[in-house]
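No sequence on hand, only this structure:
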């Protein structure tokens, strides 16, 4: 990270407002001071505990779904090299989507600054206390409900996970509903009854009788299912994975549930949950008021969208498949995406292309992992113009090099819902476009909320820089800076450390500033509004 940015972090300079003539002296002074600054050695009490508790603790605690705890100093010290190896490989924290970076709500992946601090700590011998900070104590992770008085509570039966013939168990539970009228789901909150037993939960509705038939045919509680719920009529509503928060749909938007349908809950019980007892429940916030209807649709699928299908992967081969869907004439507003595949898939990505060839990245999971499938909600919606083409791509490794391969030796893999078969789906959460959707902001945070204030070396690197009601994010930025303001920003000037003007953009309302052509560093951003101006410091990677 740039030294000037470190300087700002350590001294907690969140914003600076100066007149235009002070920009050059300000930036120059900061650069001179930063040359003499050297980063202190991190320690557990001041720097590391907050990072670990924030990004790892919700799963790695005594009652969590992870196989071991990372709560106290000894826990982490004894596994410090394992922790660092998994962090550097991108395996942990489990946030498979690496692009678009920081575009998704709830992204709990580590920033480059956090990874660097963890590396420096381990290289220094992982000290517990160097700077006089008290022990942070052990956080308590509880299933605190945000919607305890929900409009509809789906209470699953008490279930003891039996000995498993396969590595994992997928269990479906059916709940017929008969309401006076259609309703809209505004929020979904999944409360695992036993966090050590529940890996993830999916909620569907299905108007057919197929789930009931499958349930009746299975002598056990519920019925065994994998991939989907066994019905092509199923409509995905939402779900939960470890570390996840309630899914709250944007204002005036919701998923319609028909008055008469079946709600079907699929629970994934992992191998190490054998013998555990679980009784999960789901809280649904509903409304009968008319909403902008949201649809969760697999428009990129292994039936109608395949470009080079069918989805067949011979033994000892690595194959790449593509999908294509053309957006209808009307505009659509994309608010989320969820890729889905099985065990031998190793990479998934989706993107859209405008008629002029401009590419819009939607999601990319360079290391696909069946165990960590997520619903990705965008912080800002993506507008899909009529005629745009949406592509899906997936790579499948059916060789001995893929340690997830269910067959040894490898054998032919074909399309299907069973564990030894494959799928290729991208569920797009969309709604019909309305004027102004491109200006919507669902989440303005630039980083995952920390467990506590992380007041050490990390300090405020993840806080938004704001003053005069103006917010710039993300900070640091990569390709663009987004501008939030209650005032109309009509001009933006970017200066480098020497005071040289690099950009001077004018417009009726400026909400986005492209910076992908700027070299990494710290810049002064002057913003003009209502005859006034303010200056902010912005780091660019």
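Sure thing, it's come through. Just so we're clear, the structure is a prediction, and the values are computed from it rather than from any experiment.

Show me the residue at the heart of this protein, geometrically.
For the chain, the residue lying nearest the average C-alpha position, counting by C-alpha atoms, centre = their mean, turns out to be residue 107 (3.9 Å).

The stretch 351-500 of the chain: strands as residue ranges?
In the stretch 351-500 of the chain, strands defined by DSSP state E, counting those that start in this stretch lie at 359-365, 376-384, 389-398, 424-432, 465-467, 470-473, 480-485, 489-495, listed in chain order.

Distance-wise, check the residue nearest to the centre of the chain relative to residue 268.
22 Å (C-beta to C-beta, to the nearest Å). Quick note: C-beta positions are derived from backbone N, CA and C, even for glycine.

Residue 51 now?
Relative to residue 268, residue 51 is positioned 28 Å away (C-beta to C-beta).

Same list, the strands of the stretch 351-500 of the chain, but as TSV with distance to residue 173 and mean pLDDT please.
Listed next are the strands of the stretch 351-500 of the chain as TSV, based on distance: least, C-beta to C-beta, whole Å; pLDDT from 0 to 100:
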stretch	distance to residue 173	mean pLDDT
strand 359-365	28	96
strand 376-384	25	94
strand 389-398	30	98
strand 424-432	21	94
strand 465-467	46	41
strand 470-473	41	85
strand 480-485	42	88
strand 489-495	51	86
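
follow-up on the earlier one: who has more neighbours out of residue 51 and residue 268?
Just comparing residue 51 and residue 268: by other C-beta atoms under 10 Å the higher neighbour count belongs to residue 51, 25 against 21.

quick one: which helix or strand includes the residue nearest to the more buried one when sequence neighbours are not counted?
In this structure, residue 51 finds its nearest non-sequential neighbour in residue 114, 5.2 Å apart by C-beta to C-beta, 6 or more residues apart in numbering. Following DSSP states H and E, one finds residue 114 within helix 112-123.

Can you list the buried residues in that helix?
For helix 112-123, a neighbour-count test (16 or more other C-beta atoms under 10 Å) marks 113-114, 116-118, 120-122 as buried.

And it, what does it pack against?
Contacting helix 112-123 under the criterion 3 or more C-beta pairs under 8 Å, 6 or more residues apart in numbering; DSSP states H and E are the following elements: helix 49-55, helix 80-89.

Tell me the buried residues in the next helix or strand after that helix?
On the C-terminal side of helix 112-123, the closest following helix or strand by DSSP H and E is strand 152-155. Neighbour counts over strand 152-155 (16+ other C-beta under 10 Å) mark 152, 154 as buried.

who's in contact with strand 152-155?
Here strand 152-155 makes contact (C-beta atoms under 8 Å, 6 or more residues apart in numbering) with 175, 203, 263, 265, 279, 281-284, 286.

Next: stretch 249-256.
In contact with stretch 249-256 (C-beta under 8 Å, 6+ apart) are residues 182-187, 237-238, 287, 291-296, 335, 431, 440, 442.

picking that back up, I'd guessed the residue nearest to the centre of the chain sits against residue 95; true?
Yes: in terms of C-beta atoms under 8 Å, residue 107 counts as a neighbour of residue 95; the distance is 5.9 Å.

ok, what's across the strand from the nearest residue to residue 147 once chain neighbours are set aside?
The spatially closest residue to residue 147, leaving aside those adjacent along the chain, is residue 283, at 4.2 Å (C-beta to C-beta, 6+ apart). As for beta bridges, residue 283 partners with residue 153, residue 189 under DSSP bridges.

Poorly predicted segments of the stretch 201-350 of the chain, please.
Low-confidence segments of the stretch 201-350 of the chain, defined by pLDDT under 70: 242-244.

what are the ranges of the helices in it?
210-217 (DSSP state H, counting those that start in this stretch).

Which parts of it are strands?
Counting by DSSP E, counting those that start in this stretch, the strands of the stretch 201-350 of the chain are 223-224, 235-240, 247-248, 253-257, 260-269, 277-278, 281-287, 292-300, 317-326, 332-341, 345-353.

quick one: contacts for residue 402?
Residue 402 makes contacts with 344, 346, as judged by C-beta under 8 Å, 6+ apart.

swap in residue 349?
Shown in contact with residue 349 (C-beta under 8 Å, 6+ apart): 99, 361-366, 392-394.

do you know how far it is from residue 361?
From residue 349 across to residue 361, the span is 8 Å (C-beta to C-beta).

Common neighbours of the two, please.
By C-beta under 8 Å, 6+ apart, the residues touching both residue 349 and residue 361 are residue 99.

I'd like the distance between the closest residue in space to residue 477 that isn't next to it in sequence and residue 476.
Once flanking residues are discounted, residue 477 sits nearest to residue 540: 5.3 Å by C-beta to C-beta, 6+ apart. Residue 540 is 6 Å from residue 476, where distance means C-beta to C-beta.

likewise residue 95?
In terms of C-beta to C-beta, residue 95 sits 18 Å off from residue 476.

Count the neighbours of residue 207 for me.
Neighbours of residue 207 under the rule other C-beta under 10 Å: 14.

Show me what the residue lying closest to it once chain neighbours are set aside bridges to in the sheet.
Nearest residue to residue 207 in three dimensions, chain neighbours excluded: residue 261, at 4.8 Å (C-beta to C-beta, 6+ apart). As for beta bridges, residue 261 partners with residue 177 under DSSP bridges.

Next up, the contacts around residue 261.
Taking C-beta under 8 Å, 6+ apart as the test, what residue 261 contacts is 176-177, 205-207.

Mind doing that once more with 10 Å?
175-179, 182, 204-208, 211, 233, 235 (C-beta atoms under 10 Å, 6 or more residues apart in numbering).

among the residues you listed, which two are most distant?
182 and 211 (19.3 Å; C-beta to C-beta).

Comparing the two, which shows the higher neighbour count?
Each of residue 182 and residue 211 has its neighbours counted (other C-beta under 10 Å); residue 211 has more, 28 against 14.

ok, back up a step: kindly give a single ChimeraX line that selects the buried subset of the contacts of stretch 249-256.
Selection of the buried residues among the contacts of stretch 249-256 in ChimeraX, burial being defined by 16+ other C-beta under 10 Å:
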select :183,184,185,186,187,237,238,291,292,294,295,296,335,431,440,442
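
re the thing from before, of all the strands of the stretch 201-350 of the chain, which one is nearest residue 401?
Checking the strands of the stretch 201-350 of the chain against residue 401 by C-beta to C-beta gives strand 317-326 as the closest, at 8.4 Å.

how many degrees apart are that closest one and strand 345-353 in direction?
Strand 317-326 runs at 30 degrees relative to strand 345-353, counting by axes from the mean of the first three to the mean of the last three C-alpha atoms, to 10 degrees.

Pull out the buried residues from strand 317-326.
Neighbour count says strand 317-326 has 319, 321, 323, 325 buried, by 16+ other C-beta under 10 Å.

and the first one, what is it in contact with?
Listed by C-beta under 10 Å, 6+ apart, the contact set of residue 319 reads 308, 311-313, 344, 394-398, 413.

how about 6 Å then?
Residues near residue 319 by C-beta atoms under 6 Å, 6 or more residues apart in numbering: 313, 396.

before we move on, the earlier item: who wins for proximity to residue 510 among the strands of the stretch 351-500 of the chain?
Taking C-beta to C-beta as the criterion, strand 489-495 is the member of the strands of the stretch 351-500 of the chain that comes nearest to residue 510, at 4.8 Å.

Which other helices and strands does the closest one contact?
strand 501-506, strand 521-529 (3 or more C-beta pairs under 6 Å, 6 or more residues apart in numbering; DSSP states H and E).

For residue 141, which non-adjacent residue is spatially closest?
Closest residue to residue 141 apart from its sequence neighbours, by C-beta to C-beta, 6+ apart: residue 61 at 5.0 Å.

Pretty sure the one you found sits in a helix.
No: read with DSSP: H, G, I helix; E, B strand; the rest coil, residue 61 is coil and lies in no helix.

No further queries at this time; thank you.
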